[in-house]
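Q: I would like the atomic coordinates for the input below:
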Amino acid sequence: MPQLFSIGKAAKQLGVSIKTLRDWDKKGLINFTTTPGGHRRIEESEINRLLNKENKQNEVNQNSNKNLYIYCRVSSKKQAESGNLGRQEDRLILHAYKNNYNIVNVYKEIASGINENRTQLLKMLEGIKNKEAQYVLVEYKDRLARFGYTYLKKYIKDHGGEIIVLDQ
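A: Presented below is the predicted three-dimensional model:
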C-alpha cells in the first residue's frame, strides 16, 4: 500500500504553501487521492515525481549546468502581505521542478526595482560570479530591475550565466 501524506506534510516536503498545492490540483498539475471524509492525500511517488528525487542526485552530479537561482521581488510590504511574493516564489519553484533545475537558492526581497542597494540581488550576483549557479529565474524582467536590466543580463552572461524570464 502506498504511503499517503496530508496536504500540509506534502507542502512542507515540496517547499511550497498548502494554497499552492490546492492551486496545482485545480490546474491538474498534481494527483491527489481523496479520503471518504473529503481530505486530500498525496502519494509518496507523486511527491517524488515533483521533486525528481529518483534522478535528482545523478542529475546534479552529471548536469551541474542546471544549477539555478530564483529571484523574487515585490515593491512594497503591502504586496508581500497580500501574498504576491509567496505566489511569485511558488510559480518559479514549480517551473524549476518541471524543467529539472537544481535550485541552489531562492532570493526574496521587498524593495523598489530602482533601488541599487538590494542585499539579496547583490548576494545572488556574487554567487553567479563564483559559479555557484548558472541560471537566474525571474517571473518578469522588471522583478530583477526596473532600469538597468541589460546591464545585469550582461554581467550574468559575462560570468557564464543566463537569465530565464518566465513571462516575457
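Q: so where do the helices sit in the chain?
A: Ranges of helices within the chain are 7-14, 18-26, 44-51, 53-62, 77-81, 84-98, 119-129, 141-144, 149-158, based on DSSP state H.
Q: out of those, the one nearest Ile110 is which?
A: Taking C-beta to C-beta, helix 77-81 is the member of those nearest to Ile110, at 5.1 Å. Glycine gets a C-beta too; all of them are placed from N, C-alpha and C.
Q: returning to what we had before: per-stretch mean pLDDT over the helices of the chain, give me the minimum one.
A: With a mean of 45, helix 53-62 has the lowest mean pLDDT of those.
Q: Tyr107: which of the helices of the chain is closest?
A: That would be helix 119-129 among those, by C-beta to C-beta, at 4.1 Å.
Q: could you say what helices and strands that closest one packs with?
A: Counting contacts by 3 or more C-beta pairs under 8 Å, 6 or more residues apart in numbering; DSSP states H and E, helix 119-129 packs against strand 67-74, strand 102-110, helix 149-158.
Q: can you redo the ones you listed as CSV with distance to Ile7 and mean neighbour count?
A: Converted to CSV, the helices and strands packed on helix 119-129 look like this (distance: least, C-beta to C-beta, whole Å; neighbours: other C-beta atoms under 10 Å):
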stretch, distance to Ile7, mean neighbour count
strand 67-74, 23, 24
strand 102-110, 21, 18
helix 149-158, 37, 14
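Q: need these in JSON lines (columns: distance to Ser82).
A: Formatted as JSON lines, the helices and strands packed on helix 119-129 follow (distance: least, C-beta to C-beta, whole Å):
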{"stretch": "strand 67-74", "distance to Ser82": "9"}
{"stretch": "strand 102-110", "distance to Ser82": "12"}
{"stretch": "helix 149-158", "distance to Ser82": "25"}
